[in-house]
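Novice: Give me coordinates for this.
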Amino acid sequence: MAVLFFDIGDTLADASIEADGSLTLRPRPRVVEVLDALAGMRKGILSNPGSGEAARARAVAALHTAFADRFPDDSLLHWGAKNSRALFDDAVASAGVAAGQCVFVGEAPEERAFAHQAGMRTAAHPVFTLAAVEGRPVFWARIEIPAGRSVAEVESIARAAEVVPVHVASAQLVLVMATARGVTALEQGGFPADLRGQVAETAAFLMRDDRPVTLPEGLTRASAPVRATAEDALRATAAFAFLARALDEPRPSVVPLGPAPGGVYVAAAAGTPVEDLHCADAKPGHTERLLPDPALLSRPGEARVEGLADAFADGEPSPETLAAVRAAITPAAMRGHVARISGIDPLVEGEPLKVRSRDVSSPDNALVVSALARWLQDLGLTVRRHEFSWRGRRLANVEAEFRVPAADSAVLVTAHLDSTAARGEFFDSDGRPRPYDPAVDPAPGADDDGSGTAAVLAAAECLSAMLAAGRAPSRTVRFVLFNAEEQGLVGSKAYARAAAAAGDRIAGVLQMDMIAGFRGGTRTMEIHTGSTVPGPVVGASGALGGLVARAAPAVAAGFSLQTLAGSDDPAAGRSDHASFHERGWAAAAVCENFFDDTTPATGTRQYHLPGDTLLDEDHDTDYAAAIARTVATAALTLAGL
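Specialist: This next block holds a predicted model:
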């Protein structure tokens, strides 16, 4: 009989670590159902809880709390790094059966590849465990939604079948993983499937291509739908051709999965550096890593956004909020935070270390995460690290919360904490050009997104001061700093997926991504609320953007506001706010004048370059403080202050 081994984080459960070090695992959708359906099979674990016996003991305790009596055999629990086949070989040896009778279930394609090397069968999600046992393949599939039918109807079928959604392209198309049985269930329900190859050891990405598309002369007079379809096909072809040329490998490591919003879906083999590839004309956020989730189509936020419309429309900043924001969020405060996390000043006062990078591949990333958590905890907030994995690394988002027990929802103020210098020019010791090495090369990221991170810290300081003065919000307030944004929004997607699974009630998300770049001229603030996801989230996000716009005159005098909404928003799907749109929650991203397509933008010239420092001539802390005050004012107003 087969022996099953499961990864924990990102596969069985969402992991969060409290400030005291305690670990909580929350089972992901359909996981307990799958485990119980396979009750007759032996089950084990392959997971990396961190180094040391204490970390392992903590993981064992959390596992048995979350999955009581479902993993009773301690000899099948294996703890350690999964960056080679070694741990998988150990698992096979402990099972006492042939390697081909062992199944590893894990979301990370790199880990599935190592398991495959050890002779194990693999599954990309617990829903496909039985398929792996029985040797049935799982496919990438595009599910068409006929006119008059809805995504909700697809969801009702998928949740009871061997189907796991990974992306909602539009009201007419969903990308999923599915077995042949799952495809049959969908087609019997009236939803045709277009199979695009086996999942195996691959992961899905959306690669956008911003280059203009020229239609053949014969299509210039065709109907608008025909032209749109042709443009989508041409753009997808161009985007995939760029990827194939950039990889230049002897055998294909990416497979096209068809047109996607603004580009192409691809399945990439384990280890393929899709997120490192940048088309010359690519705008920020052109690559999106797609994560599987059985609950993706349910969009829990949609049930609440319409009820919050009045809060967005009627909110006006109170005099107390305006005074607190002006006092706490100053150019000096912004400069101090950016200096510490970008390497100008020591990361921790009184200690010598200055960080060189916050890239997820840099050892400094984890140090910055720990420092951010300490700073926020010192403000009296409840701090958690939400862990997830990327390419074998254990990464964490940082969340700091002031909880209002009777609140109807939470307001989120967010930014991303990681950085990159992937567009920089680097040279070896002989002066020859070489690729960016994220493990060692400098990536200070003072603007992207050190400025947004500083703004979140300053907003948290503002709330702390208001609490100390005796004021309290009527809604919960969370300050969240996402990791691995530069790898395709991975951290925010993991966070939003976990929040949806936990049943979180979110009133609105205000994301700041690059707010300090200013070359001169008109001081412009871009407010992005456009969503690629249809439904109530579109209007709700627009209304949330209106709340930001109304806050600006009082705390950002002299700014020109550029509000970009709808599917034509050039930042739609391109920053961490998009991960919340995907779940139906209202979200807006606020930034410097960077996406402007109509006039020369005035934002930073150091995007993804090692020159993105606090000392760069384009880095303006006065400009950043004004935008940060605007967002904080809107957030605290929505929170009832």
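Novice: lowest-pLDDT helix or strand in the protein?
Specialist: Sorting the helices and strands of the chain by mean pLDDT, DSSP states H and E puts helix 309-314 at the bottom, at a mean of 72.
Novice: which residues touch it?
Specialist: Outside of helix 309-314, the residues within contact range by Cβ atoms under 8 Å, 6 or more residues apart in numbering are 507, 508, 539, 540, 543, 544, 546, 547, 586, 638. All C-beta spots, glycine's among them, are computed from the backbone N, C-alpha and C.
Novice: Could you rerun that using 10 Å?
Specialist: Outside of helix 309-314, the residues within contact range by Cβ atoms under 10 Å, 6 or more residues apart in numbering are 305, 408-409, 411, 475, 507-508, 536, 539-548, 550, 586, 634, 637-640.
Novice: And the strands in the stretch 101-250 of the chain, which stretches?
Specialist: Under the criterion DSSP state E, counting those that start in this stretch, the stretch 101-250 of the chain contains strands at 102-105, 121-123, 139-144, 163-170, 173-178, 193-198, 202-208.
Novice: May I see those strands organised as JSON lines, with mean neighbour count and distance to residue 451 added?
Specialist: Putting those into JSON lines (neighbours: other Cβ atoms under 10 Å; distance: least, Cβ to Cβ, whole Å) gives the following:
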{"stretch": "strand 102-105", "mean neighbour count": "27", "distance to residue 451": "40"}
{"stretch": "strand 121-123", "mean neighbour count": "24", "distance to residue 451": "41"}
{"stretch": "strand 139-144", "mean neighbour count": "21", "distance to residue 451": "38"}
{"stretch": "strand 163-170", "mean neighbour count": "23", "distance to residue 451": "30"}
{"stretch": "strand 173-178", "mean neighbour count": "24", "distance to residue 451": "34"}
{"stretch": "strand 193-198", "mean neighbour count": "16", "distance to residue 451": "40"}
{"stretch": "strand 202-208", "mean neighbour count": "25", "distance to residue 451": "24"}
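Novice: now for those strands, which one comes closest to residue 87?
Specialist: strand 102-105 (10.0 Å; Cβ to Cβ).
Novice: related to what we said a few turns ago, buried subset of the contacts of helix 309-314?
Specialist: Buried members of these, counted by 16 or more other Cβ atoms under 10 Å: 305, 409, 411, 475, 507-508, 536, 539-548, 550, 586, 634, 637-640.
Novice: Can you tell me which of these end up in helices?
Specialist: Mapping the buried ones among the contacts of helix 309-314 onto helices (DSSP state H) picks out 305, 536, 539-548, 550, 634, 637-638.
Novice: Tell me the one of those nearest residue 149?
Specialist: For these, the closest approach to residue 149 (Cβ to Cβ) belongs to residue 536, at 18.4 Å.
Novice: And the pLDDT for the closest one?
Specialist: Looking at residue 536, its pLDDT reads 88.
Novice: Flag the shaky bits of this protein, pLDDT-wise.
Specialist: The chain contains residues with pLDDT under 70 at 250, 309, 597.
Novice: What are the structural domain limits within it?
Specialist: Listed domain ranges for the chain are 3-133, 139-296, 299-330+381-445+462-638 (source: automatic domain parsing).
Novice: show me where the stretch 251-400 of the chain has strands.
Specialist: Under DSSP E, counting those that start in this stretch, the stretch 251-400 of the chain gives strands at 254-260, 263-269, 287-290, 382-390, 393-402.
Novice: Check the stretch 401-550 of the chain too.
Specialist: Assigned by DSSP E, counting those that start in this stretch, the stretch 401-550 of the chain shows strands spanning 410-416, 426-427, 433-434, 476-482, 506-512, 524-528.
Novice: longest helix anywhere in this structure?
Specialist: helix 224-247.
Novice: which parts of that helix are buried?
Specialist: 230, 231, 232, 234, 235, 236, 238, 239, 240, 242, 243, 247.
Novice: Could I have the CA atoms of that helix written out in PDB?
Specialist: Backbone C-alpha positions of helix 224-247 (Å, rounded to 0.1, in the frame of the first residue of the first chain) are rendered in PDB as follows:
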ATOM      1  CA  ALA A 224     -14.000  44.700 -31.700                       C
ATOM      2  CA  PRO A 225     -14.300  41.200 -30.100                       C
ATOM      3  CA  VAL A 226     -12.400  39.600 -33.100                       C
ATOM      4  CA  ARG A 227      -9.700  42.300 -32.800                       C
ATOM      5  CA  ALA A 228      -9.400  41.800 -29.100                       C
ATOM      6  CA  THR A 229      -9.000  38.100 -29.500                       C
ATOM      7  CA  ALA A 230      -6.400  38.500 -32.200                       C
ATOM      8  CA  GLU A 231      -4.400  41.100 -30.000                       C
ATOM      9  CA  ASP A 232      -4.500  38.700 -27.100                       C
ATOM     10  CA  ALA A 233      -3.100  35.900 -29.200                       C
ATOM     11  CA  LEU A 234      -0.400  38.000 -30.700                       C
ATOM     12  CA  ARG A 235       0.600  39.400 -27.300                       C
ATOM     13  CA  ALA A 236       0.800  35.900 -25.800                       C
ATOM     14  CA  THR A 237       2.900  34.700 -28.700                       C
ATOM     15  CA  ALA A 238       5.300  37.700 -28.300                       C
ATOM     16  CA  ALA A 239       5.600  37.200 -24.500                       C
ATOM     17  CA  PHE A 240       6.300  33.500 -24.800                       C
ATOM     18  CA  ALA A 241       8.900  34.100 -27.600                       C
ATOM     19  CA  PHE A 242      10.700  36.500 -25.300                       C
ATOM     20  CA  LEU A 243      10.800  34.000 -22.500                       C
ATOM     21  CA  ALA A 244      12.000  31.200 -24.800                       C
ATOM     22  CA  ARG A 245      14.800  33.400 -26.200                       C
ATOM     23  CA  ALA A 246      15.800  34.700 -22.800                       C
ATOM     24  CA  LEU A 247      16.100  31.200 -21.300                       C
END
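Novice: Show me what that helix is packed against.
Specialist: Applying 3 or more Cβ pairs under 10 Å, 6 or more residues apart in numbering; DSSP states H and E, we find helix 224-247 packed against strand 202-208, strand 254-260, strand 263-269.
Novice: Show me what the first one is packed against.
Specialist: Going back to what we said before, that points to strand 202-208. Judged by 3+ Cβ pairs under 10 Å, 6+ apart, strand 202-208 is in contact with helix 109-117, strand 163-170, strand 173-178, helix 224-247, strand 254-260, strand 263-269, strand 287-290.
Novice: cool, the last one as well?
Specialist: In this structure, strand 263-269 makes packing contacts with helix 109-117, strand 139-144, strand 163-170, strand 193-198, strand 202-208, helix 224-247, strand 254-260, strand 287-290, judged by 3+ Cβ pairs under 10 Å, 6+ apart.
Novice: want to throw those into a markdown table with distance to residue 340?
Specialist: Formatted as a markdown table, these follow (distance: least, Cβ to Cβ, whole Å):
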| stretch | distance to residue 340 |
| --- | --- |
| helix 109-117 | 33 |
| strand 139-144 | 43 |
| strand 163-170 | 37 |
| strand 193-198 | 46 |
| strand 202-208 | 33 |
| helix 224-247 | 35 |
| strand 254-260 | 39 |
| strand 287-290 | 29 |
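Novice: Which of these sits closest to residue 315?
Specialist: strand 163-170 (29.4 Å).
Novice: partners of that closest one, with directions?
Specialist: Here strand 163-170 is paired, per DSSP bridges, with strand 173-178 (antiparallel).
Novice: can you give me how far the strand it pairs with is from the chain middle?
Specialist: Its chain's C-alpha centre and that of strand 173-178 lie 19 Å apart, by Cα atoms, centre = their mean, to the nearest Å.
Novice: Tell me what angle it forms with strand 193-198.
Specialist: Angle between the axes of strand 173-178 and strand 193-198 is 50 degrees (criterion: axes from the mean of the first three to the mean of the last three Cα atoms, to 10 degrees).
Novice: Strand 173-178 vs strand 139-144, what angle?
Specialist: 150 degrees.
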